[in-house]
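Colleague: Here is a sequence with its predicted model. Questions after.
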Amino acid sequence: MQRLHKMRPAGAAMIKRPAWTLPVIVFAQFAGTAIWFSGNAVLPDLMQRWPAPSSMAGWVTSAVQLGFIAGTLVFAFFAVSDRYSPRRVFLLCAVAGALSNLSTGLVDTGPSGLLALRVMTGFFLAGIYPVGMKIAAGWYKKGLGNAMGFLIGALVLGTAFPHLLKGGMSSLPWQATIILSSGVCLLGGISMAVLVPDGPYLARGTRFNPMAVAALFGHRPLRAAACGYFGHMWELYTLWAFMPVFLTAYVSRTPDLSLNVSVWSFLAIAAGSLGCVAGGRVSRRAGSATVAAVQLSVSGACCLMSPLFYRAPPALFLPFLLLWGMAVVGDSPQFSTIIAHTAPRDLVGSALTLVNSIGFSITVVSLSLIQWLSAVVPPPVLLVPLAAGPAVGLVCMRSLVGKR
């Protein structure tokens, strides 16, 4: 890989940003994350190949999360995207992630092998999602918050994309979903490496600093922002993982309802991209903490009202899911912004790494809880416990609301 030469901001004033820079980064971020939920999209087909417990839905998602946590810590500890061009890191991880994802569809591994492949996929996603953010930061000294809204919106679309593939290609073998999502991921990596040079504001960082642990728990504003983010993560990925389950249960109680579960899972998750972009725009005037608090309140209310709308007609139930999907992730760019602003200046990178790792660890606990509850509680109330996350998050971040 090419060694990264530090570029000075003084020379950056002479450099014009190509018009296609942000669109290509956004596309690459979308394409690279298309492999995140591809295992979930085809899980019913995979489970027909070999005996597997009903809890596989939660374990498949947890495997990706665990791989992502490990990858994030490894990449941060060895400062991979600081020592080497992040575009090349992005490309290599897109290639490796596409191959591990492709193996899910082409190799009959059994349940344990499937989980191992999903862990590998999650590990390489750590070189796609966070590294894509770093590449964008290398081009945007001003307006980065708005750019982040588009980038996380692209992540949301990429996460939802396999459900669209599965729903739109129901006449094709299920392997087509895996093959296409892997191909899209590879295309994203190539696009980033070929079309986006290293930006003029790309700064060399440092390895993970353990002092970030003390800052996280000892610095009150950072602790408030981090706990708000943890509450957000308690709900987010579990809702995404169980959206098809919730929709399938709704359809099963209405036999005469013709509804493509995969397509509507895509629409409900993808609606979050609108929440990310809109939240970024509003945050310019209202502040990131206020926007995050409002969206966290809406998603928490949706958790509590989900049993009521589960029994409502489709004309109410489906718009409710779109609203929920929009709010549940729309606060994510704002939490990243708040954490970056509240962390001690010399610990921003380490604090973001630590907070992300803890946040994704929380998703594994939440997924396991809802997976266990799915066997003992009826579908209408299955997602109500997710409201605990937004509730705790709102209490923790109340001191930040109203500040710019």
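Modeller: Received it, and whenever you're ready, just let me know what you need. Numbering: from 1, shown residues only.
Colleague: alpha carbons only for contacts and neighbour counts from here, please
Modeller: Fine.
Colleague: Can you list phi and psi of Gly287 for me?
Modeller: Torsion angles at Gly287 (phi, psi; degrees, to the nearest 10) stand at phi 90, psi 150.
Colleague: With Leu117 as the reference, measure out to it.
Modeller: Going from Gly287 to Leu117 by Cα to Cα, to the nearest Å gives 40 Å.
Colleague: ok, those two, which is more surrounded?
Modeller: The neighbour comparison of Gly287 against Leu117 (other Cα atoms under 10 Å) goes to Leu117, with 24 against 20.
Colleague: Report all helices and strands that whichever helix or strand that one is part of contacts.
Modeller: Secondary structure from DSSP states H and E places Leu117 in helix 110-125. When contacts are defined as 3 or more Cα pairs under 8 Å, 6 or more residues apart in numbering; DSSP states H and E, helix 110-125 packs onto helix 56-77, helix 86-106.
Colleague: Make CSV from the ones you listed and add distance to Val261, mean neighbour count and mean pLDDT to it.
Modeller: Formatted as CSV, the helices and strands packed on helix 110-125 follow (distance: least, Cα to Cα, whole Å; neighbours: other Cα atoms under 10 Å; pLDDT from 0 to 100):
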stretch, distance to Val261, mean neighbour count, mean pLDDT
helix 56-77, 15, 22, 89
helix 86-106, 21, 24, 94
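Colleague: Any idea which of those gets closest to Leu257?
Modeller: Nearest to Leu257 among the helices and strands packed on helix 110-125 is helix 56-77; the distance by Cα to Cα comes to 24.2 Å.
Colleague: Residue ranges in the stretch 301-404 of the chain under the pLDDT threshold?
Modeller: For the stretch 301-404 of the chain, residues meeting the criterion pLDDT under 70 lie at 345-346, 348-349, 402-404.
Colleague: Quick check, pLDDT for the nearest residue to Phe161 once chain neighbours are set aside.
Modeller: In this structure, Phe161 finds its nearest non-sequential neighbour in Ala34, 5.9 Å apart by Cα to Cα, 6 or more residues apart in numbering. pLDDT for Ala34: 96.
Colleague: so Ala34 touches Val156, yeah?
Modeller: No: if you go by Cα atoms under 8 Å, Ala34 and Val156 don't touch, sitting 9.2 Å apart.
Colleague: For those two, indicate the residue with more neighbours.
Modeller: Ala34 (32 against 28).
Colleague: how about the strands in the stretch 101-250 of the chain?
Modeller: Using DSSP state E, counting those that start in this stretch, no strands are found in the stretch 101-250 of the chain.
Colleague: Okay, now the unreliable bits of it?
Modeller: Residue ranges of the stretch 101-250 of the chain with pLDDT under 70: 141-145, 203-209.
Colleague: Checking the nearest residue to Gly110 once chain neighbours are set aside next. Helix, strand or coil?
Modeller: By the measure of Cα to Cα, 6+ apart, the closest residue to Gly110 outside its immediate chain neighbours is Trp50, 6.5 Å from it. Under DSSP: H, G, I helix; E, B strand; the rest coil, Trp50 falls in the coil class.
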